[in-house]
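*Asks:* Build me a structure from this.
(chains A and B)
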Amino acid sequence: MKVSYYPGCSLHGTAKEYDLSVRSVSRVLGIDLEEIDDWSCCGASSAHNTNFKLSIALPARDLITAEKKAQDVMVPCAACFNRLKTTEHHLCHDPALKAEIEGIVGGRYQGSVAIRNPIDIIANDIGLEALSAKVVKKLAGLKPVSYYGCLLLRPPEVCHFDNAENPVLLDRILTTLGAEVRPWSFKTDCCGGSLTISKTPIVTKMVDKLMAMAREAGANCLVTACPICTANLDMRPSAGKELPVFYFTELAALAMGQEGPDKWFGMHRTDPRPLLQELKLL
Amino acid sequence: MKSFLEEVNEKINGLPIQRCYHCRKCPAGCPMTGAMEHNPNRVIKMIQMGKKEAVLNSATIWLCVSCETCITRCPNEVDIARMMDVLRQMAIESGVGAKEKNILKFHEAFLANIRTGGRINEPMMMVQYKLKSGDLFSDMAMGLDMFMKGKLSLISPRTKDMGSVRRIFEKTKQS
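*Replies:* Next up is the predicted model:
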């Protein structure tokens, strides 16, 4: 299948390994990624925190460009995904705002392309059977907890992603990869998001709790689909509380025997390689 | 003259917040309640009571991290997350400013960075934030570690058609 690809800013920076692993996994699964021409930032938290119209106009620019190709848009970053879905929601439900935003951006928005996260595309379009067929090395011994965070799921009438209180799609993907997914109650708790820079102690407290709860659930790592969650989980825990954190696509590429994971893992602040070597997965 | 409640409802442009029957599900689920001086439910009450200055001048509205748990669980579909956006924007527009100054400075640095290149360049954005906030030395070791691991690129691809991005900033500029 062919999809438009919106990497977003983080995937060109601190979440490079997410971009590289999404590309690797897509290649194996036959998902052809076509990057949206000359895309710009979605505005993230900072736009909607301070300027509503800017927060709609920035993603609208990208959606209008994406609509030139009649194909779904894959958005790996949960924050970008949320802003694009929120923009779609407002433009489809508020004709006056739509007209104003079209005037600001300079183009017509049809609402014709679906905005989707790779978890959704892999679990629902590619399918778990097809995914399973590509697994060459089961992730035996790896005991992750799935951490969905906020922005893939909420609010559900905007995101249309998975059950907002107990999502399961990521758990199913990880189980298909052979991991022994641990159940826990903190799948959808917040990591502190964009406060990580300006209010670091609050974020450390939130992340420490997530680490403690993951350990209590018997996990030896956490898995995400969000550059902000990953940055906070990987960089903000207090000394001694850390657990390795993976993008789900890094683990998928590892299970599919692809080249690259070893190098990506070297970019993590908490090095996951000792755990993977101990489990004979690397 | 419009009441504070009417002003807020008009800007939310959705269901009126007086649908709230104060079940307090929002503070129960809010991850930031512990750090806030007024919990989200209390903010609704304060708006109903016309306490404009106290609300706009509170740290609470800046500490809301937009996790959207409140709107997801509200039995009356009161969009508290959107309400917090509206209150922040009102605080900026009315000249009250931000009680949590560095949070707003972070947002300003972030948006200034988009305005410059169409996309965020994380190291440059951090420099902009540090210059604005004066918080020069935190995260230096972390930044160096990330740089050594190849995670920070001082030069990253930008949007080519910057005219279209600047036009969006121009046309959405607030008075």
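
*Asks:* low-scoring stretches of chain B, by residue?
*Replies:* Within chain B, the ranges that satisfy pLDDT under 70 run B:175.

*Asks:* Look up how far chain A lies from the residue of it most remote from its centre.
*Replies:* No residue in chain B sits farther from the centre than residue B:148, which is 31.5 Å out by Cα atoms, centre = their mean. Counting by Cβ to the nearest Cβ, to the nearest Å, the gap from residue B:148 to chain A is 10 Å. Placement of C-beta: from N, CA and C, glycine included.

*Asks:* could you list every residue that touches residue 11?
*Replies:* Unless you meant another one, I'm taking chain A. Contacts for residue A:11 (Cβ atoms under 8 Å, 6 or more residues apart in numbering or on different chains) come out as A:18-19, A:22, A:76-77, A:227.

*Asks:* Oops, wrong one, chain B.
*Replies:* Counted by Cβ under 8 Å, 6+ apart, residue B:11 has contacts B:86, B:89-90.

*Asks:* any chance of the residues you listed in TSV, plus neighbour count?
*Replies:* Shown next, in TSV, are the contacts of residue B:11 (neighbours: other Cβ atoms under 10 Å in any protein chain shown):
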residue	neighbour count
B:86	22
B:89	19
B:90	18
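
*Asks:* Closest one of the residues you listed to chain A?
*Replies:* Each of the contacts of residue B:11 was scored against chain A by Cβ to the nearest Cβ, and residue B:89 proved nearest at 6.3 Å.

*Asks:* Would you mind extracting the C-alpha trace of the longest helix belonging to chain B into PDB?
*Replies:* In chain B, assigned by DSSP state H, the helix with the most residues is helix B:101-117. Taking C-alpha atoms only, helix B:101-117 is exported to PDB below (Å, rounded to 0.1, in the frame of the first residue of the first chain):
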ATOM      1  CA  LYS B 101       6.600  32.700  32.900                       C
ATOM      2  CA  ASN B 102       9.000  30.100  31.600                       C
ATOM      3  CA  ILE B 103       6.200  27.900  30.300                       C
ATOM      4  CA  LEU B 104       5.000  30.800  28.100                       C
ATOM      5  CA  LYS B 105       8.600  31.600  27.100                       C
ATOM      6  CA  PHE B 106       9.000  28.000  26.000                       C
ATOM      7  CA  HIS B 107       5.900  28.300  23.800                       C
ATOM      8  CA  GLU B 108       7.200  31.600  22.400                       C
ATOM      9  CA  ALA B 109      10.600  30.100  21.600                       C
ATOM     10  CA  PHE B 110       9.000  27.100  19.900                       C
ATOM     11  CA  LEU B 111       6.800  29.200  17.700                       C
ATOM     12  CA  ALA B 112       9.600  31.700  16.900                       C
ATOM     13  CA  ASN B 113      11.600  28.700  15.700                       C
ATOM     14  CA  ILE B 114       8.800  27.500  13.400                       C
ATOM     15  CA  ARG B 115       8.500  31.100  12.100                       C
ATOM     16  CA  THR B 116      12.200  31.000  11.200                       C
ATOM     17  CA  GLY B 117      12.400  27.700   9.400                       C
END
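
*Asks:* helices or strands up against it?
*Replies:* helix A:44-50, helix A:195-198, helix B:60-63, helix B:122-133, helix B:162-171 (3 or more Cβ pairs under 8 Å, 6 or more residues apart in numbering or on different chains; DSSP states H and E).

*Asks:* Ok, which of those comes nearest residue A:147?
*Replies:* Closest of those to residue A:147 is helix A:195-198, at 15.4 Å (criterion: Cβ to Cβ).

*Asks:* Identify all contacting residues around the closest one.
*Replies:* A:202-203, A:228, A:231-232, A:235-236, B:63, B:65, B:100, B:102-103, B:105-106, B:126, B:129, B:133, B:139.
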